[in-house]
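**Student:** Show me how the following folds:
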Amino acid sequence: MGQGGSHGRTEGAGSDLFKLADRRLAFLQQRQIVLAQNIANANTPGWHARDVSPFEAVLARKGAITPARTNAQHLSGSSRAGADVIVGSGEQSPDGNSVRLDEQLSKVADTETSQSTVANLYTKFLSFYRTALGR
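**Tutor:** Prediction:
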């Protein structure tokens, strides 16, 4: 196999990793928005706490990443991101509100940690990629 074929696979694998990181960051951003809405409505009668479907479910439903096509006879995949907003069925206060601030703030902290981790991995992989390319 020549150098061109090998380079194409490496380039595809790298771009797929970046796409996956982008999808994860978009998912986490969507989750932060939903959690912020819950916190903003903590005193709204009848408000039900919401969250997004887990990222793993999004990947399983929509396909993890677009596969690299190393052969013209391979089937092409698809790549779409997005999570469904789901309404929680937790305990409700007498006014019908189910937002627990301690729970929401814990989820916000977990989401921020995940965002930071993905951003750090993205930066580290980009650094490795640049080193491999001699830049």
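
**Student:** In this structure, which residue is most central in space?
**Tutor:** Compute the mean C-alpha point of the chain, and by CA atoms, centre = their mean the closest residue is Arg24, 2.1 Å away.

**Student:** OK, contacts around the nearest residue to that residue once chain neighbours are set aside?
**Tutor:** Nearest residue to Arg24 in three dimensions, chain neighbours excluded: Val118, at 5.1 Å (CB to CB, 6 or more residues apart in numbering). Yep, even glycine has a C-beta here, placed from its N, CA and C like the rest. Counting by CB atoms under 8 Å, 6 or more residues apart in numbering, Val118 makes contact with Ala21, Arg24, Leu25, Leu28.

**Student:** Could you tell me the per-residue confidence at the first one?
**Tutor:** Just to be clear, that refers to Ala21. pLDDT for Ala21: 89.

**Student:** Same question for the host helix or strand of the residue nearest to Arg24: list its buried residues.
**Tutor:** Assigned by DSSP states H and E, Val118 falls within helix 101-132. For helix 101-132, the neighbour count (16 or more other CB atoms under 10 Å) marks Glu103, Gln104, Lys107, Val108, Thr111, Ser114, Gln115, Val118, Tyr122, Tyr129 as buried.
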